[in-house]
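S.K.: Sequence and predicted structure are below.
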Amino acid sequence: MNLLQRRMGAIWLFAMVVLAFVIAESESLTSDEKDQIEKGLSAGKEIIGYIKEKDFAQTVKKLAESASQFLGALGPFTSFILAFVSTDSAELTYMKEMMTEIDARFSKVEARLGDIQTLIEWTNVEQSLGAIELTVATLDMEFKLFYSTSGSASEKRIHFINVYDNNYGVSGSKLYLMIVGEGGTFIENVCESIMKKTKYDRKETNDYLLGVLKILLQAIRLELSYYDIQGLKTIYETRKTEWDRRIVKVTEMFEKTDADVTNAYLKQTKEDARRFANEKRALSNLDFAVKLCDMLKEKYYWCEWFCLIYDDDIDADQHRVDVCGGHILWQESGRNIAVASKATTATRMNKNSAESVLNRFTFSYWWDILYDGTKIHEGNRKAYAVFDKMRDNIANLCSVAVVQQNADVYWHKSDTSRLAHRSLSHYWWVFAFG
């Protein structure tokens, strides 16, 4: 055997060794690991789907149930990518399609972190939300190229590591600290800032939080994938466990924020009504009542609302109002304003029974007030006589109002089944809400 033949034989042997290594790598994932990837990516797809649909309650629920499963699939997924150098198996193609679908859903979520940042007096430039969002978005594009494009495993691995090392800068941990409020004594957490920005608007607050969560999940995906690509298996497992713990805290913070913004509605509705009254002075009482009630229902959608508006120059004994879940604003920008609310799930007043009570009021020839034929007050000019009798006889009554009709009285309600009202002898308007 001449020298050339020996060299060709050595090259052939080396090629067989490399091929055997590649085949071994491609088959290095067990069926359990492949199942783990598929289930984890399915969980991630579902979580991001709820974020895309802006379903806050389901997102938080699914995050608590399945986030760990999603994170646990990231390392095996990148290993699977690197194992197939020149071709994709049917399984890998399917998994890539799942990850692509996750990215498609990510792309439809508007984070607006830079918008949130404008409200916060940061003490450190490095804690810029906009910078974190840009960093994560840039690296996320590189990750998509890593798993979706062809190329040698070593080239893809080296390129992604270099881009990550030069840009990431523990962005995920920074954002996490801002979310849970552990960034320092002088740093306001993002959740509080969002509530203030939206003036405690629950829907807007939840939408902002989902945008923040999108960025955080992308950052975690980058970080865990990086450790696996580096071959740092122990660090990968340690960081994965740590992120599992952090996700629990993020979930708890989101739930707390939702509870806080919900519980703040009573205080905030007073500010909202006053601001609305000041801005809408030119509206008639009718238009004001409709628009105020519609605004409150849209913002505080978990409640049903009743708004009563009338002139503020009425005599004291010509009106009597009491509300629950709301406020009475006397002489507010030229009007008397009463707003009341009840949770949509709360026990409701029986409207038919309430109307029956209202129909028992009559007036005598001398205008004395009668209830069930019995005089309850001499003369008709004392609102409290009707008011007290209504409050004593209507079950599940939340709010009651008696107002003289010549005060330009108008009202609006978000649920007709919760309001009973009547004109008493063209003198009083009476209302029962509950």
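M.R.: Received it, and whenever you're ready, just let me know what you need.

S.K.: Output the contacting helices and strands for the lengthiest helix in the chain.
M.R.: The longest helix of the chain (DSSP state H) is helix 233-263. Helix 233-263 is packed against helix 56-83, helix 171-180, helix 190-197, helix 202-229, with contacts defined by 3 or more Cβ pairs under 8 Å, 6 or more residues apart in numbering; DSSP states H and E. For the C-beta atoms, the positions are set from N, CA and C on the backbone; glycine is no exception.

S.K.: Using PDB, write out the CA atom coordinates for the first helix or strand past that helix going along the chain.
M.R.: On the C-terminal side of helix 233-263, the closest following helix or strand by DSSP states H and E is helix 265-279. The C-alpha coordinates for helix 265-279 follow below in PDB (Å, rounded to 0.1, in the frame of the first residue of the first chain):
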ATOM      1  CA  TYR A 265     -61.400  51.800  42.200                       C
ATOM      2  CA  LEU A 266     -63.400  53.500  44.900                       C
ATOM      3  CA  LYS A 267     -60.800  56.200  45.500                       C
ATOM      4  CA  GLN A 268     -60.000  56.600  41.800                       C
ATOM      5  CA  THR A 269     -63.700  56.900  40.700                       C
ATOM      6  CA  LYS A 270     -64.000  60.000  42.800                       C
ATOM      7  CA  GLU A 271     -61.000  61.600  41.000                       C
ATOM      8  CA  ASP A 272     -62.300  60.400  37.600                       C
ATOM      9  CA  ALA A 273     -65.800  61.900  38.300                       C
ATOM     10  CA  ARG A 274     -64.400  65.200  39.400                       C
ATOM     11  CA  ARG A 275     -62.000  65.400  36.400                       C
ATOM     12  CA  PHE A 276     -64.900  64.500  34.100                       C
ATOM     13  CA  ALA A 277     -67.100  67.100  35.600                       C
ATOM     14  CA  ASN A 278     -64.500  69.800  35.200                       C
ATOM     15  CA  GLU A 279     -63.800  68.800  31.600                       C
END
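
S.K.: What residues sit buried inside the helix or strand just after helix 265-279?
M.R.: Next along the chain after helix 265-279, taking DSSP H and E as the criterion, comes helix 285-299. Residues 285, 288-290, 292-293, 295-297, 299 are the ones in helix 285-299 that count as buried (16 or more other Cβ atoms under 10 Å).

S.K.: The helices and strands packed on helix 233-263 into JSON lines, with extra columns for mean pLDDT, distance to residue 325 and mean neighbour count?
M.R.: What follows is the helices and strands packed on helix 233-263, written out as JSON lines (pLDDT from 0 to 100; distance: least, Cβ to Cβ, whole Å; neighbours: other Cβ atoms under 10 Å):
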{"stretch": "helix 56-83", "mean pLDDT": "86", "distance to residue 325": "22", "mean neighbour count": "21"}
{"stretch": "helix 171-180", "mean pLDDT": "92", "distance to residue 325": "31", "mean neighbour count": "22"}
{"stretch": "helix 190-197", "mean pLDDT": "87", "distance to residue 325": "20", "mean neighbour count": "20"}
{"stretch": "helix 202-229", "mean pLDDT": "94", "distance to residue 325": "15", "mean neighbour count": "23"}
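
S.K.: Turn these into JSON lines, columns for distance to residue 362.
M.R.: Below are the helices and strands packed on helix 233-263 laid out as JSON lines (distance: least, Cβ to Cβ, whole Å):
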{"stretch": "helix 56-83", "distance to residue 362": "50"}
{"stretch": "helix 171-180", "distance to residue 362": "62"}
{"stretch": "helix 190-197", "distance to residue 362": "51"}
{"stretch": "helix 202-229", "distance to residue 362": "45"}
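
S.K.: about what we covered before: quick one: which of the buried residues of helix 285-299 is nearest residue 63?
M.R.: Nearest to residue 63 among the buried residues of helix 285-299, counting by Cβ to Cβ, is residue 299 at 25.4 Å.

S.K.: where's the nearest residue to that closest one once chain neighbours are set aside relative to residue 353, distance?
M.R.: Leaving aside its sequence neighbours, residue 299 sits nearest to residue 201 (Cβ to Cβ, 6 or more residues apart in numbering; 5.5 Å). Using Cβ to Cβ, to the nearest Å, one obtains 36 Å as the distance from residue 201 to residue 353.

S.K.: Those two - which one has more neighbours?
M.R.: Between residue 201 and residue 353, residue 201 has the larger neighbour count (other Cβ atoms under 10 Å), namely 20 against 14.

S.K.: Find me the pLDDT at the more buried one, would you?
M.R.: At residue 201, the pLDDT value in this model is 96.

S.K.: Backbone dihedrals for it, please?
M.R.: The phi/psi pair for residue 201 (degrees, to the nearest 10) reads phi -90, psi 110.

S.K.: just use 110 as the starting number from now, easier for me
M.R.: Yep, numbering from 110; the last one is residue 310 now.

S.K.: is it true that it touches residue 410?
M.R.: No. When contacts are counted by Cβ atoms under 8 Å, residue 310 is not listed as touching residue 410 (10.1 Å).

S.K.: And the closest residue to residue 365 other than its chain neighbours, how far from residue 383?
M.R.: Nearest non-adjacent residue to residue 365, counting by Cβ to Cβ, 6+ apart: residue 300, 7.8 Å away. Per Cβ to Cβ, residue 300 is found 26 Å from residue 383.

S.K.: and if you look at residue 528?
M.R.: From residue 528 to residue 383 the distance is 24 Å (Cβ to Cβ).
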